[in-house]
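# task: produce atomic coordinates for the following.
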Amino acid sequence: MASGVAPSRALMIMHPQDNVAVCLRPLEAGEEIQVTQNGKNLSLKIAEAVPLGHKVSLCPIPSGQAVTKYGEIIGRATQDILTGQHVHDHNISDY
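Numbers count the residues shown, from 1 in each chain. This next block holds a predicted model:
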């Protein structure tokens, strides 16, 4: 596990600089999830149902901004993505 990231039973942050996390279980809309990233406690309200293994946004990601996972750019937002929103091929594209 990367330094600066505390474990969660619902989400896994792969790298301290990531702006998305991976769901360790299915998440329901309205669910409140607590995670720690770089010593900062984050409280995420899940905006919509997110399946197991999919990504959820840790912060707002404006359209055109890089989506980062594993500390690397994995794509660009094709629309504004809200904190706690499902991040998948419907709102990101290859860069």
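
# and the host helix or strand of T36, which strands flank it?
Per DSSP states H and E: T36 is located in strand 32-37. Neighbouring strands of strand 32-37 in its sheet, by DSSP bridges, are strand 5-6 (antiparallel), strand 40-45 (antiparallel).

# which residue lies nearest the spatial centre of the protein?
V20 (2.4 Å; C-alpha atoms, centre = their mean).

# hey, what's L11 bridged with?
C23.

# ok, it to S63 distance?
23 Å (C-beta to C-beta, to the nearest Å). Any C-beta I mention is one placed from the backbone N, CA and C, and that applies to glycine too.

# neighbour count for these two, which is higher?
In this comparison of L11 against S63, neighbours counted by other C-beta atoms under 10 Å, the higher total goes to L11 at 24 against 11.

# show the contacting residues for the more buried one.
By C-beta atoms under 8 Å, 6 or more residues apart in numbering, the residues touching L11 are A21, V22, C23, L24, I33, V35, L44, V56.

# can you tell me how far it is from L44?
8 Å.

# between the two, what contacts are shared?
Common neighbours of L11 and L44 (criterion: C-beta under 8 Å, 6+ apart): I33, V35, V56.

# ok, so of these, who is nearest H88?
Among the shared contacts of L11 and L44, V56 lies closest to H88 (C-beta to C-beta), at 9.8 Å.

# what residues are up against that closest one?
Contact analysis of V56 by C-beta under 8 Å, 6+ apart lists L11, V20, A21, C23, L27, L44, I46, V50, G84, Q85, H86, V87.

# which strand or helix spans it?
Counting by DSSP H and E, the element that carries V56 is strand 55-57.

# continuing past that strand, what's the next helix or strand?
That would be, after strand 55-57 and using DSSP H and E, strand 66-69.

# so N91 makes contact with A77?
Yes - using C-beta atoms under 8 Å, N91 is in contact with A77, at 6.3 Å.

# skip the chain neighbours and tell me the closest residue to S8.
Sequence neighbours aside, V35 is the residue nearest to S8 in space, at 4.7 Å (criterion: C-beta to C-beta, 6 or more residues apart in numbering).
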